[in-house]
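# Sequence and predicted structure are below.
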There are 2 protein chains.
Amino acid sequence: MKGASTYMLDTLQARGYRVTKTRRELCTELAKASHPLTIRELAELVNSDEASVYRFVHLLQKEDLVHEITTRGERPRFEFKNEHHHHVVCTGCGKVAHVPCAYTPQVPKDSLSGFAEVNDHDLTFYGTCLACV
Amino acid sequence: MKGASTYMLDTLQARGYRVTKTRRELCTELAKASHPLTIRELAELVNSDEASVYRFVHLLQKEDLVHEITTRGERPRFEFKNEHHHHVVCTGCGKVAHVPCAYTPQVPKDSLSGFAEVNDHDLTFYGTCLACV
DNA sequence: TCTCTTATTGCAAATAATTCGCAATAAGAT
DNA sequence: ATCTTATTGCGAATTATTTGCAATAAGAGA
């Protein structure tokens, strides 16, 4: 996943943002992570200050380069936004893994009372990982 | 939805918890809400202290009577746990509505690396409500 | 109904998460 | 090499969530 990191950085640069050491490292971590990361995890990985990580992750969100995953009772996690996929969360230890998107859930048209359109979805499964059985 | 409120209270009492005025009111609000509520909304509705609401909602969670809904960038919301359904969230104003569960998403068996079992899921759609178009 | 025990509440204070302000630094344009 | 200004780090301000404790009230038993 080397490409993902450079893709993010190139995109940012093309949009007028600066590429700094911290940003390069954060993008590298996001690109190589096998599961979504919290702000704190990111800050520790690149050993930078949390406030800066919050700011940068929010920038990536605004630029539509990362996806925010929220799970019950946990802090939000972020991951590079490439092909759409789902997640499984272990209710024992909080471990999060990817699940390929087998098909795209649809909202029954007639049940969309009060909504004009739907363009995205998050699907999260909850279960028990092998270590927590 | 009168039954939902008494169901929750009866269940709690049967399990040895006390039924108080605040709890009755909180259950009533949860029972009649048409969308999941935040701790703050609940506290304002019954005009009680937030700390107590946190405690009670956590109790309801432990007793498996409410369901926690987490959406991107928002505070967690809670709702009475009856028939399973999904949600649509407006990315403009945060409004949340119910969506009946048309079918139950499954995890492809072979893609569950590292997990022993999956027993639950949350599906949230993101879109734009009529008022925010 | 009255009394007693103790779960629950409200309030204040502690802790955790997120955001903000600002001076120092360093990208990148010229 | 210089200059402009976006970005960082740090501290402090908010906001969210949890905790401790004394006062209250639910519900069991007399």
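Here it is on my side, so go on. A quick note: this is a predicted structure, and the numbers were derived from the prediction, not measured.
# what's around the residue nearest to A:Tyr126 when sequence neighbours are not counted, how many residues?
Counting by Cβ to Cβ, 6 or more residues apart in numbering or on different chains, B:Asp120 is the residue found nearest to A:Tyr126 once chain neighbours are left out, at 4.3 Å. To be clear about C-beta, it is placed using only N, CA and C from the backbone, and glycine gets the same treatment. Close neighbours of B:Asp120, defined as other Cβ atoms under 10 Å in any protein chain shown, add up to 13.
# do the one 10 residues further on as well
Taking other Cβ under 10 Å as the criterion, the count of residues near B:Leu130 is 13.
# Tell me the helices and strands packed up against the longest strand belonging to chain A.
Using DSSP state E, we find that the single longest strand of chain A is strand A:115-129. Packing contacts for strand A:115-129, counted by 3 or more Cβ pairs under 8 Å, 6 or more residues apart in numbering or on different chains; DSSP states H and E, involve strand A:85-90, strand B:85-90, strand B:115-129.
# thinking again about what came up before, for the residue nearest to A:Tyr126, give me the pLDDT.
In the predicted model, B:Asp120 carries a pLDDT score of 91.
# Does it touch A:Gly127 like I think?
Yes - using Cβ atoms under 8 Å, B:Asp120 is in contact with A:Gly127, at 7.4 Å.
# between the helices and strands packed on strand A:115-129, which gets nearest to A:Ser52?
strand A:85-90 (26.3 Å; Cβ to Cβ).
# Can you name the residues in contact with that closest one?
The contact list for strand A:85-90 (Cβ atoms under 8 Å, 6 or more residues apart in numbering or on different chains) reads A:36, A:69, A:71-72, A:74, A:95-101, A:122-129, A:131-132, B:107, B:112, B:115, B:118.
# Repeat the analysis, applying 7 Å as the threshold.
By Cβ atoms under 7 Å, 6 or more residues apart in numbering or on different chains, the residues outside strand A:85-90 that reach it are A:69, A:71, A:96-101, A:123-129, A:132, B:107, B:112, B:115, B:118.
# quick one, strands of chain A?
Counting by DSSP E, the strands of chain A are A:37-38, A:66-69, A:77-80, A:85-90, A:96-100, A:115-129.
# Make TSV out of those and add distance to A:Glu29.
Listed next are the strands of chain A as TSV, based on distance: least, Cβ to Cβ, whole Å:
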stretch	distance to A:Glu29
strand A:37-38	7
strand A:66-69	11
strand A:77-80	10
strand A:85-90	18
strand A:96-100	15
strand A:115-129	22
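# Not counting its neighbours along the chain, what's nearest A:Arg15?
Closest to A:Arg15 by Cβ to Cβ, 6+ apart is A:Glu63, at 6.5 Å.
# how deep is the one you found tucked in, by neighbour count?
14.
# roughly how far apart are it and A:Thr11?
A:Glu63 sits 7 Å away from A:Thr11, going by Cβ to Cβ, to the nearest Å.
# Out of the helices and strands packed on strand A:115-129, the one nearest B:Arg23 is which?
strand B:85-90 (24.6 Å).
# ok, A:Thr22 touching A:Val46?
Yes - between A:Thr22 and A:Val46 there is a contact at 6.2 Å, judged by Cβ atoms under 7 Å.
# send the alpha carbons of stretch A:21-28 over as PDB?
Output of stretch A:21-28 as PDB, limited to C-alpha atoms (Å, rounded to 0.1, in the frame of the first residue of the first chain):
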ATOM      1  CA  LYS A  21       7.200  15.400   7.700                       C
ATOM      2  CA  THR A  22       4.300  14.700  10.100                       C
ATOM      3  CA  ARG A  23       1.800  14.500   7.300                       C
ATOM      4  CA  ARG A  24       3.900  12.100   5.300                       C
ATOM      5  CA  GLU A  25       4.200   9.900   8.300                       C
ATOM      6  CA  LEU A  26       0.500  10.000   9.100                       C
ATOM      7  CA  CYS A  27      -0.400   9.100   5.600                       C
ATOM      8  CA  THR A  28       2.100   6.300   5.600                       C
END
